[in-house]
Structures are given as C-alpha cells and as structure tokens.
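*Asks:* 3D model of this:
(chains A and B)
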Amino acid sequence: MINLARRDIVHHLKSYLLTGLGLGLLIGVTLTMAGVYRGMVDDAKVLLHAVDADVWVVQQNTLGPFAEPSSVPDDLYRSLLGLEGVAQTGNVAYLTMQVVHQGKSQRVMVAGFEPGKPGGPAFLVAGRPIARAHYEAVADAKTGFAVGDVVRIRRNDYTVVGLTRRMVSSGGDPMLFIPLKDAQEAQFLKDNDAIIEDRKRLEANPAVNRPGQPGVLEAVQAIQTSSHKVNAVLLRLAPGVDAHAVAGTIARWQRYTAYTRDDMEDILVAKLIATAAKQIGLFLAILAVVSAAIVAFIIYTMTLGKIKEIAVLKLIGSRDRTIAAMIMQEALGLGVIGFFVGKFAATLWAPAFPKYVLLETGDAVRAFVLTLVVCALASLLAIRAALKIDPAEAIGG
Amino acid sequence: MKLSALKLTKHTLLLIAGAVAFIAAFVWLLATSGPLAPVGVETATATRADLSPAVYGIGTVEAQNDYSVGPIQAGRVLRVLVDQGEPVKAGQLLAEIDPVDLRQRAEAASSSAARARQAAQAAQAQVTEADSRARLAQTNSERYQALYRQKFVAKEMADSRRHEASAATAALAAARANATGALREIGRAEAELRGIDQLRQSLQLVSPIDGVVTAREAEPGATVVAGQAVLRLVDPARLWVRARVDQARAQGVQVGQAADIVLRSVPGASLPGKVVRIDLQSDAVTEERIINVAFDPAPAQLYLGELAEVTIRLPGLRDVLTVPRAALAQFGGQTGVWQIESGRARFRPVEPGMQTAEQVQIVSGLQAGDPLIVYSAKQLDDGVRVREKQLTQR
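*Replies:* Model (predicted):
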C-alpha cells in the first residue's frame, strides 16, 4: 500500500514546507514568550541562588531588602554569629542607581558585600575577585564594562577588576559588586551641597551650637554623616541545622525578621514580580490559545483545499481510513516541522533579548506535546469534513 | 514502486538533504547555546611563583600632634596676631586675652606690698624701742637689788623694779613677733603681685612649637571659655596618614614596613611611606585597625584632611604553589578549586594560604602543573559538563 500522505506532500512540497515554516515561527514566538516569563522568574531567583544564604535577617516587619526598604545595624552579625547552628554571616547592602561609564549612564544594582563572606558573586568569567577593602568592583558582563574600566559611583572612582554573568536584580538590572563599606557610604552619603547646607543649618540651631559649649556641634555633625547600617544580614548554617528554627529564634529573641531561602524566594517571585509575571503569563496563555487556533485553522483549510483530490480518491474507491490517515499524517508532519522550526528560531533569537530569556527543556517538551495534540484535534475536524465530501464533486468541479 | 521511487530521486534527495541540514543546524544550536550545552570554562594550571602580598587601607593626612592654643580661664579675646597658614616660632605671641581689671589688681597688690614693707619698718622701730626699754628696766632692777641687799631701800621697791624689767622683756618679745609678722606680710603681698603677673602672662597666648597655624577659631571680641582653642597649630614636618585597615586583613602589618601612599589629589602618583605606628586601640565599630604611615621623605606641600590610599607591602613568600584567585571557590561549605575530569566539573577541596590581589597560595590539595578551572560561564555544580572556551574578548 502506498503512503498517500508522502505522495501528497512531495507533490506540494514547497507549499507544505512554507506552511510548516510559518507555523514554526508562530510556535517560536510562543516559546519565546514562555522563555520571557521563565527568564523573569529566574531573574528574581538568580541572586538568591548565587548568594546561597540559608537565612536572611532584615528589619523587623519588613519584606527584606528587595521588596521593601530594610536597615539593620552592621554589628548585628556579632550576636547572630553567636546563635547555635550559624556557621557564617555576611552583611549586605543593595541600592539601585545609575553609574556613569565613559560618559554613558548605566542602570545597575550595586551590591555591597564583605569579601570572603556570603553575598558576593559566585563565579567569574574574567579578572579576579575583589582584593582591596575599597574602590574595586566586580560587574555583571551585561553592564558592558571590561576588566580595568573605571566607573564612578557618587564621588569615588571604582576599578572593575572582575566580570561575572547572570547576576541581576529581580528587576533584571545587572549587578555591580563593591566592598560593603563603600556601598554603605554610597547609600547614605548625601551630595556635597546638601552636606554643607546641613552643616549651616546645624550651626544656626541654638540647641546644638550653644555659646560656651564648644564641641557639641562637631559631635552632632559627625553622627549625622556616619552610617553603620546595612540592608540585610545573610546567614549560612551548619549542615543539618533547621533554617526555620533559626529564623524563628531570631524573630523571637533578636526582634528582627528572618526569612529562610524559600520564604525569600516566595517574596521575590510571588510578591515582587507578581503583577509583571501575571501580565506576561496572561499574554502567554492568550498567545498559546491563538497559536493553537491558527494551527488548527491552517490544517483545516489545507484539507479543505484538497476537496477535489479527496473526492477523486473516494471515487476510485479509497477507504475512509486511508484518507483519514493521510490527513492525520500530514497534520502531525506540519506540527513536527513547525515545532522544530519554532524551537530553532527561539533558541537563535533568545540571546538577543535585553532581558534574560530562559528556554526550559520542560517547556519545549510541553509545547511539542501540545502542538501534536492541537494538530491531531484539528485534523479530526478536517477528517470529519473530508469524509462528508461527496465523490461526485470530483467530476462536478 | 521502484520506478516511482527513481522518478522522485531528485525531490527525495533534496528533501533528505534539507532535512539533514536542518537537523544538523538544530542539534548544533542546542549543543552550543541551548540548555543542553556544556558550560564554557577557561582553565589555568597551578604554578610555583613568588607572592608579595599587600594590605590596603584608606585614611586622611593628619598631623601627628595637633596643638590647640587657648586661655586657661574664660575671657574675651583682645587681639589675634596671626592668621591661618602663617608659620610661627616657639614662644611667639599669637593672641591676647583681654585682662579686664588685672592691671588695677596688680597696682593694688603692688601698693599693699609697699604698705607691708613700711609696716615692717615701723615694727622694726618698735622692736628697737622695746629693746632699749627692756635694757633700762633690767639695769634699774639690778641696781635696786644691790641697794636692797645693803639695806638702803625697801624690799617692796626692789620687787617693783624687777617686775618692770620682766614686763619690758615681754614687751620686747611681742615687738619682735610683730616685726616677724610684718615681714611675712611683705612676702604674702609680693606673692600676690607675682601671681597676678603670671595670670597676666597666661593671657598672652604664645606658640608652644615651631609650626603653622591651621585654624583661627576666635576673633577679637569673642568670649572663650577655659580650654577652648583660639588657634590651632601643627608641625608641618610631622605629618602622616592615619590609615584604616580592615581588621580581617591587617595581619602581618608591622612598624617599619614600606608603603605606597596615593593622595586623592594626585591619583596617578604614589609617594613612598613607612609604617611608623600601629595604634593599640582599634576602631571597634568599623572593625578597622589604625595604622599610621609617615611620608618618607615628606613632600613639600601637604593638605591636612586629604584622603589618601595606603598600600603596605608585606614580606612575601618565595617559590610557593599558587593558583589565580578567581579559581578559588566555595562549594558545600568547603574551599577548593574546580577541575575538569573527562569533560565534567569536579570539586577538589584545597587548603589556601597567603593571598595577593591576583594569586593565592595553595598549601595542600594540588600539585604543580595541575589544571583547574578559573572562569566559568555559569555557577558550577559537581558533575556538570564543561568545555574549554574563551569567555570574554581580550
């Protein structure tokens, strides 16, 4: 028995392949959209994974350093380090800002960390880790900085000594790691004009600048310009220690809020990017439905375009099963071609996106199955239409 | 069937060629940039090298000693003779505090001293007179005693003369005591005068050193309290950088080590310096050790309070096993390096030693010539497939 589908495809090879290509691009767009969604969620988690902290200690009743502002004293780590089961602590400070590099302004999230403690970049693609206590930086490669570049943050110049990859804030801004003390200064340092204005204001205040009490003014000014706050303290626990128990102890006795890694992930994914993710998710759902509909329509119309041939087949006595198999095979073939073209296209253009696009293998498998199911369902419709065709049409034209 | 297959050879060939090309491209794409691609890594080898570590800190240019010149008691500034930036000599008059009534008090003290001296003279004259009286009374008494023994006078008269003599002696003792008191009074009055004089001298603010005025904090007419500075001085030959070094990295810093000082105003050039003092008292809040680095030699012009970066060179190690610092990784709570083992990443714990900016000493865990992963395009995990590849353009 000859394969009707193969013969038919070979007969209309060009149009068949072009239809497959068109379908493929549509599937590619859908896959990319799924990748954008996954990338967004991944962006939110990437810092958590890189930092690899078991517990995040933040200001009481706040949602951590990303979703809400948080500030804790930078010597809090001393009392945390004394807790049972805490192996390592690290102070961190995060601030999103524009940095100027070669005359161009670049949006980055500056992360202050203590070298050798949790909070730094997990790996490098070039250069070296931060070695000095001040004025060195490790940048995400997406910033476009190169090793040896000098960037200006507030009033100091920082030398980029190393590059890393996939280190972004939950908003997708590339990160710039600098020593903690510099980050604290950058976070709380006012511009020079504001400092001078503040000094004048203080001088004019009789409460702090009283005649006959020299030194009070200087002391008040010194307090105002120094900062001993960080945004969060990261804890790494000894193996086998329950993070929830440690977090509970800290919340109860130290009077700070502590999140385990899972809590933090929940805050970042479910709270911080919730609306944006829902927006993209809904769009993805609509796109998937529309794509499925278009695939179905294409297959249906393709079959209807063959009414005459099918009528002829019927006239020469082909069995219904043969005709149904032909339509089904053609439809599934289109689906397979479309899927692979789509996957190819999506993989090809994904790296060009400004934000991270994560093409998950699981998504690809789901999309493949979905494509085949949609094609099969659409071909069932087409088969129903084909079987109703009157063989007389072959002659009637 | 065979005939039809032959007929379609051209088409079939095209189809097969196209399909093969597409599948090849697809596989290539997945293998290079898809999720199945191995992680790109750059490698290096462990080598023996010399390490010369350095400790880095930032600080400000400060004077070793800061002299605040001010009055010892509250007063009004009368004159300020020097201004900021002026060089001064030790002992030079810098400013003066208004003495108010001190001159009048000195005059009063002076006249009371003179009066005391005159009173002393009067007391001395009284002593002379009493002495004379006493001698006369004594002579009279002796004479009457002799007359009484020869029975020329009554005993009553002789007793009376003896009483006069002892009364005159007592009067002499009183006059002498009076005279001594008058002399003491001179001492007291003169001491008071000297005290007022010294007070007047203390109102003259003089320079304790050969130095430079760094601040003029009060102007004529201003009232200053005891101890408040009117002028501040420093010795320009004794300036240093008070550098703050992270306690975690301050290990090994010792007095006498050479250092490079880079001033914020001259970022390109480094000035030679030397560690001259390490403060026993560290800053407990910022967790920094305070290390004072002197300029060696001192540059011609320095500005106090200028930010300076200090790099202290520590004694190094010769010919030790080293790896690039970027290769050192943390995994599963251990420190180690990643190596490639038949195309897969494997973690190998090592014991790191001395670190410099670029290199780290490996005490144990590696041999010279061992290859290891320095850079990776992703966070590595034990067993992930890796492939050597250039990660960045250089």
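
*Asks:* Going by residue numbers, what spans are helices in the stretch 201-350 of chain A?
*Replies:* A:216-225, A:243-249, A:261-266, A:274-304, A:307-315, A:320-349 (DSSP state H, counting those that start in this stretch).

*Asks:* Out of the ones you listed, which is closest to A:Ala392?
*Replies:* Each of the helices of the stretch 201-350 of chain A has some distance to A:Ala392 by CB to CB; the shortest is helix A:307-315, at 7.4 Å. Heads up, the C-betas are built off the backbone N, CA and C, glycines and all.

*Asks:* That closest one to helix A:320-349, inter-axis angle?
*Replies:* In terms of direction (axes from the mean of the first three to the mean of the last three CA atoms, to 10 degrees), helix A:307-315 departs from helix A:320-349 by 140 degrees.

*Asks:* Run through the stretch 251-394 of chain B and note the low-pLDDT ranges.
*Replies:* Where the stretch 251-394 of chain B drops to pLDDT under 70, the residues are B:394.

*Asks:* All the strands of it, residue numbers only.
*Replies:* Taking DSSP state E, counting those that start in this stretch to define them, one finds strands in the stretch 251-394 of chain B at B:258-263, B:271-278, B:288-295, B:307-313, B:317-324, B:329-331, B:334-341, B:344-349, B:351-355, B:359-364, B:371-376, B:386-388.

*Asks:* Do stretch B:311-329 and chain A come into contact?
*Replies:* Yes - against chain A, stretch B:311-329 shows contacts by CB under 8 Å from any CB of the partner chain at B:Pro324, B:Arg325, B:Ala326, B:Leu328, B:Ala329.

*Asks:* Show me what the first one bridges to in the sheet.
*Replies:* Meaning B:Pro324. Note on B:Pro324: beta-bridge partners by DSSP bridges are B:Gln359.

*Asks:* quick one, what contacts it?
*Replies:* Residues near B:Pro324 by CB atoms under 8 Å, 6 or more residues apart in numbering or on different chains: A:Arg128, B:Ala44, B:Glu358, B:Gln359, B:Val360, B:Val374.

*Asks:* Name the member of the residues you listed that has the highest neighbour count.
*Replies:* Of all the contacts of B:Pro324, the highest neighbour tally under other CB atoms under 10 Å in any protein chain shown goes to B:Val360, namely 28 neighbours.

*Asks:* related to what we said a few turns ago, and the residues of stretch B:311-329 next to chain A, which is closest to B:Gln201?
*Replies:* Nearest to B:Gln201 among those, counting by CB to CB, is B:Arg325 at 64.2 Å.

*Asks:* any idea how far B:Ala106 is from that closest one?
*Replies:* 75 Å (CB to CB, to the nearest Å).

*Asks:* higher neighbour count, those two?
*Replies:* A side-by-side neighbour count of B:Arg325 and B:Ala106, using other CB under 10 Å, places B:Arg325 first with 22 against 19.

*Asks:* if I read this right, that one contacts A:Arg128, doesn't it?
*Replies:* Yes - because the distance of 5.0 Å satisfies CB atoms under 8 Å, B:Arg325 is recorded as touching A:Arg128.

*Asks:* A:Ile273 contacts A:Gly39, doesn't it?
*Replies:* No - using CB under 8 Å, A:Ile273 is not in contact with A:Gly39; the gap is 11.0 Å.

*Asks:* would you list every one of the strands in chain A?
*Replies:* A:55-58, A:72-73, A:86-101, A:104-113, A:126-127, A:136-140, A:150-153, A:156-164, A:175-179, A:229-230, A:232-237, A:257-260 (DSSP state E).

*Asks:* Indicate which one of the strands of the stretch 251-394 of chain B is closest to A:Glu309.
*Replies:* A:Glu309 sits nearest to strand B:386-388 of all the strands of the stretch 251-394 of chain B, at 50.9 Å, using CB to CB.

*Asks:* what pairs with that closest one, and is each one parallel or antiparallel?
*Replies:* strand B:39-45 (parallel).

*Asks:* How far off centre is the strand it pairs with?
*Replies:* What separates the centre of strand B:39-45 from the centre of its chain is 48 Å, taken as CA atoms, centre = their mean, to the nearest Å.

*Asks:* likewise stretch B:43-55?
*Replies:* 35 Å.

*Asks:* And that stretch, end to end?
*Replies:* 28 Å (CA to CA, to the nearest Å).

*Asks:* ok, back up a step: hey, which of the helices of the stretch 201-350 of chain A is tucked in deepest?
*Replies:* Counting by mean count of other CB atoms under 10 Å in any protein chain shown, helix A:320-349 has the highest mean neighbour count of the helices of the stretch 201-350 of chain A, with a mean of 20.

*Asks:* Could you quantify the relative orientation of it and helix A:274-304 as an angle?
*Replies:* Going by the same axes, to 10 degrees, helix A:320-349 makes 140 degrees with helix A:274-304.

*Asks:* Output the contacting helices and strands for helix A:320-349.
*Replies:* helix A:4-11, helix A:13-51, helix A:274-304, helix A:307-315, helix A:361-387, helix B:9-33 (3 or more CB pairs under 8 Å, 6 or more residues apart in numbering or on different chains; DSSP states H and E).

*Asks:* These into a markdown table, with extra columns for distance to B:Gln73 and mean pLDDT?
*Replies:* Shown next, in a markdown table, are the helices and strands packed on helix A:320-349 (distance: least, CB to CB, whole Å; pLDDT from 0 to 100):
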| stretch | distance to B:Gln73 | mean pLDDT |
| --- | --- | --- |
| helix A:4-11 | 111 | 75 |
| helix A:13-51 | 61 | 88 |
| helix A:274-304 | 70 | 86 |
| helix A:307-315 | 118 | 81 |
| helix A:361-387 | 85 | 87 |
| helix B:9-33 | 82 | 79 |
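
*Asks:* thinking A:Ala386 is in contact with A:Glu330, fair?
*Replies:* No - counting by CB under 8 Å, A:Ala386 stays clear of A:Glu330, with 11.2 Å between them.

*Asks:* Now the residue of the stretch 251-394 of chain B found nearest chain A. Nearest residue, chain neighbours left out?
*Replies:* Here the stretch 251-394 of chain B gets closest to chain A at one residue, B:Ala357, 3.8 Å apart by CB to the nearest CB. Distance criterion CB to CB, 6 or more residues apart in numbering or on different chains; nearest residue to B:Ala357, sequence neighbours excluded, is A:Ala131 at 3.8 Å.

*Asks:* What is the neighbour count of that neighbour?
*Replies:* A:Ala131 has 20 nearby residues by other CB under 10 Å.

*Asks:* contacting residues around stretch B:369-383?
*Replies:* By CB under 8 Å, 6+ apart, stretch B:369-383 touches A:49-50, A:122-126, A:165-166, B:39-47, B:323-324, B:326-327, B:329, B:331, B:337-340, B:344-348, B:366, B:384, B:386, B:389, B:391-392.

*Asks:* Same drill for A:Ile273 and A:Gly39, tell me which one is more crowded.
*Replies:* Each of A:Ile273 and A:Gly39 has its neighbours counted (other CB under 10 Å); A:Gly39 has more, 23 against 20.

*Asks:* so the more buried one makes contact with A:Glu360?
*Replies:* No - between A:Gly39 and A:Glu360 there is no contact, the gap being 9.7 Å when judged by CB under 8 Å.

*Asks:* Get me the contact residues on the stretch 201-350 of chain A for chain B.
*Replies:* Checking the stretch 201-350 of chain A against chain B by CB under 8 Å from any CB, the hits are A:Pro211, A:Gly212, A:Pro214, A:His228, A:Arg236, A:Pro239, A:Phe340, A:Lys343, A:Phe344, A:Thr347, A:Leu348, A:Ala350.

*Asks:* State the pLDDT value of the fifth one.
*Replies:* Model confidence at A:Arg236, expressed as pLDDT, equals 91.

*Asks:* Now for the residue of the stretch 101-250 of chain B found nearest chain A: which residues touch it?
*Replies:* For the stretch 101-250 of chain B, the residue closest to chain A is B:Asp246, as judged by CB to the nearest CB, at 4.5 Å. B:Asp246 is in contact with A:Ala133, B:Gly57, B:Glu287, B:Glu288, B:Arg289, counting by CB under 8 Å, 6+ apart.
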